[in-house]
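Turn this into a structure:
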Amino acid sequence: MTKLRLDRAPAAPLPLRFLLTVPLWGVLAGVLLIVDGDVALRTRWSPATLALVHAFTLGVLGNAMFGSILQFLPAAAGVTLRGGERSGRWLHGLFNVGVLLLVAGMHQRWPFGLMTAAMVLPAAFVMLALMVVPGLLAAAGQRLLRAGFGVGLASAIATAVLGAVLALGLAGRLAVPLMAWTDVHASWGVLGWIVVLLATVARVVMPMFQGTGSVPEAAQATWLAGVVAMLVAVAGLRAGSAVAGVVAAPVLIFAGAGLWLQWRAPRLRRGPLVDSWRAGLIALACAALALPIAPGGMLAASVGLGLALPLLVTAMMLEIVPFIGWIALHRHCGRGIQLPGVQRLLPEADKRRVLLAQPLLLSLPAAMAWPSASLARVAGVALVLVWSLTGWTLLGAGRRARHFLRSLEKSR
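Numbers count the residues shown, from 1 in each chain. Reported below is the predicted structural model:
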């Protein structure tokens with residue numbers, strides 16, 4: 001089993017900056033849905049729907065992926081990051097300004113926003129790669145782990161470049177067959193970037209934090225090679241029901257493997273993390289099954305992007321954020337000081353509260369299945385409430401760490 005290298009973990013602000021931005025984008029997605037309830041979710045091509053989808057895929061999931069990568073690779077794989085905290089500040093600003101411009105450009109059909117985002121967002125993904133890829137290449141061992149991150153980062157850059165081309169097409173600056181290439185863009189982004197990275201990280205963290213077994217190396221390598229082949233096939237097919245089936249298969253395999261590992265775990269550690277992952281994997285499997293069946297992919301997207309993937313990344317953030325806080329306390333206080341444990345920085349009861357709020361997100365696929373302005377706005381309110389609670393809970397780890405430091409100073 002991979003062991004965490006706490007001495008290699010980055011400075012706390014580097015990953016936290018991204019992770020604590022995630023709930024803000026979730027709230028913004030809810031606000032967009034409240035404002036556009038009468039037109040959002042009716043068609044995938046409406047400006048309101050495009051803006052909402054990218055608030056999720058880039059704002060919520062993108063920030064979660066960036067923060068998790070910057071924390072996980074040094075601590076779990078011993079990867080040295082280039083640029084450190086200073087580069088991290090620039091990366092966070094570049095990425096989120098780019099997402100904001102893209103969402104605004106799509107929502108308002110604003111050519112300047114679309115054109116600027118088409119330059120800024122690919123630059124942000126390239127900057128992330130420049131920070132982590134040299135360390136990935138130099139690290140020893142764990143070839144499968146490094147290969148998974150390599151595929152994920154390559155897919156992310158390809159997705160960003162193709163997305164830039166599509167954004168220029170939306171802005172009227174480039175003649176692009178939008179419908180044909182949008183499915184390729186979405187497939188590379190969701191399958192090649194998000195799901196591949198989740199599967200790569202899951203092979204390490206599920207045994208470590210959930211007490212499951214580990215996916216055999218040969219099986220994971222075969223799945224990863226299959227994903228690469230399918231991403232190439234998607235680029236050739238470009239659109240149609242065949243693309244949906246090609247994308248759904250590896251997602252369904254990942255979700256099924258995760259559920260199987262939990263079911264067969266000899267010492268499963270019951271708690272919010274396990275329950276969130278179980279619910280998220282079930283929802284992800286449902287989204288994969290719906291993709292080739294429900295026309296247009298809207299129902300699958302609402303389940304996958306609005307419920308399943310947020311469940312998985314929220315559960316990870318609820319574990320990562322207090323862990324980062326504990327490492328920061330350890331570095332600040334040094335040896336000889338009894339620190340509060342990770343579970344005291346973010347208690348199980350708080351995590352459970354966030355998990356119990358997640359069923360409210362079912363209102364999003366419900367609004368997709370039974371379109372109505374009122375139901376869409378109810379889903380928007382649910383998003384605002386759930387992500388506000390998530391943000392407040394994540395900030396609680398920092399509040400408790402600062403309270404401990406103040407108490408320590410008073411006792412001296």
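
all helices in the stretch 1-150 of the chain, in order from the N-terminus.
Taking DSSP state H, counting those that start in this stretch to define them, one finds helices in the stretch 1-150 of the chain at 13-19, 22-35, 47-54, 61-77, 84-108, 111-138, 143-170.

and the shortest one, what does it pack onto?
Secondary-structure packing of helix 13-19 (3 or more Cβ pairs under 8 Å, 6 or more residues apart in numbering; DSSP states H and E): helix 61-77, helix 84-108, helix 309-333. Where you see a C-beta, it was placed from the backbone N, CA and C, and this is true even at glycine.

Nearest to residue 209 among the helices of the stretch 1-150 of the chain would be which one?
Closest to residue 209 of the helices of the stretch 1-150 of the chain, according to Cβ to Cβ: helix 61-77, at 11.5 Å.

where does the closest residue to residue 264 other than its chain neighbours land in three-state SS?
Closest residue to residue 264 apart from its sequence neighbours, by Cβ to Cβ, 6 or more residues apart in numbering: residue 213 at 6.5 Å. Classification of residue 213 using DSSP: H, G, I helix; E, B strand; the rest coil returns coil.

ok, residue 213 to residue 268 distance?
Residue 213 sits 10 Å away from residue 268, taking Cβ to Cβ, to the nearest Å as the criterion.

related to what we said a few turns ago, please identify the deepest-packed of the helices and strands packed on helix 13-19.
Ranked by mean neighbour count, those are led by helix 61-77 with a mean of 24 (mean count of other Cβ atoms under 10 Å).

how about that one as CSV, C-alpha atoms only?
Extracted as CSV, the C-alpha positions of helix 61-77 are listed here (Å, rounded to 0.1, in the frame of the first residue of the first chain):
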residue,chain,number,x,y,z
LEU,A,61,-15.0,19.8,-10.6
GLY,A,62,-12.0,21.6,-12.2
ASN,A,63,-11.0,23.4,-8.9
ALA,A,64,-11.5,20.1,-7.0
MET,A,65,-9.2,18.3,-9.4
PHE,A,66,-6.5,21.0,-9.4
GLY,A,67,-6.4,21.2,-5.6
SER,A,68,-6.4,17.4,-5.2
ILE,A,69,-3.6,17.0,-7.7
LEU,A,70,-1.4,19.6,-6.1
GLN,A,71,-1.9,17.9,-2.6
PHE,A,72,-1.9,14.3,-3.7
LEU,A,73,1.1,14.0,-6.0
PRO,A,74,3.7,15.3,-3.5
ALA,A,75,2.2,13.5,-0.5
ALA,A,76,1.3,10.2,-2.1
ALA,A,77,3.8,9.9,-5.0
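
what helices or strands is it leaning on?
Using 3+ Cβ pairs under 8 Å, 6+ apart, the elements in contact with helix 61-77 are helix 13-19, helix 22-35, helix 84-108, helix 111-138, helix 143-170, helix 196-205, helix 309-333.

Using CSV, lay out the helices and strands packed on helix 13-19 together with distance to residue 170 and mean pLDDT.
Formatted as CSV, the entries for the helices and strands packed on helix 13-19 read as follows, by distance: least, Cβ to Cβ, whole Å; pLDDT from 0 to 100:
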stretch, distance to residue 170, mean pLDDT
helix 61-77, 19, 93
helix 84-108, 7, 96
helix 309-333, 24, 93
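
Using JSON lines, please lay out those together with distance to residue 349.
Converted to JSON lines, these look like this (distance: least, Cβ to Cβ, whole Å):
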{"stretch": "helix 61-77", "distance to residue 349": "23"}
{"stretch": "helix 84-108", "distance to residue 349": "31"}
{"stretch": "helix 309-333", "distance to residue 349": "12"}
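
can you tell which of these is closest to residue 221?
Between the helices and strands packed on helix 13-19, helix 61-77 lies closest to residue 221; by Cβ to Cβ that is 16.7 Å.

on that earlier part again, please identify which of the helices and strands packed on helix 61-77 is closest to residue 228.
helix 143-170 (6.1 Å).

So which bits of the closest one are buried?
144-164, 166-170 (16 or more other Cβ atoms under 10 Å).

again, but for stretch 251-265
Counting neighbours by 16+ other Cβ under 10 Å, one finds that the buried residues in stretch 251-265 are 251, 252, 253, 254, 255, 257, 258, 259, 261, 262, 265.

Same question for stretch 358-367.
Result for stretch 358-367 [16+ other Cβ under 10 Å]: buried residues 358, 360, 361, 362, 363, 364, 365, 366, 367.

Now do that stretch: everything it contacts.
Applying Cβ atoms under 8 Å, 6 or more residues apart in numbering, the contact partners of stretch 358-367 are 33, 41, 276, 279, 299, 302-303, 306-307, 310-311, 314, 375-376, 378-379, 382-383, 385-386.

at 7 Å instead, please
41, 279, 299, 302-303, 306-307, 311, 375-376, 378-379, 382, 385-386 (Cβ atoms under 7 Å, 6 or more residues apart in numbering).

same thing with stretch 83-93?
For stretch 83-93, the external contacting residues (Cβ under 7 Å, 6+ apart) are 11, 13, 14, 17, 18, 70, 124, 127, 128, 131.

How far away from the center of its chain is that stretch?
19 Å (Cα atoms, centre = their mean, to the nearest Å).

Show me which of the contacts of stretch 83-93 is closest to residue 76.
The closest of these, once distances to residue 76 are taken by Cβ to Cβ, is residue 70, at 11.8 Å.

how about that closest one, what does it touch?
Counting by Cβ under 7 Å, 6+ apart, residue 70 touches 10, 14, 15, 81, 88.

I'd like the distance between residue 385 and residue 352.
16 Å.

swap that for residue 393, sorry
Relative to residue 352, and taking Cβ to Cβ, residue 393 is found at 10 Å.
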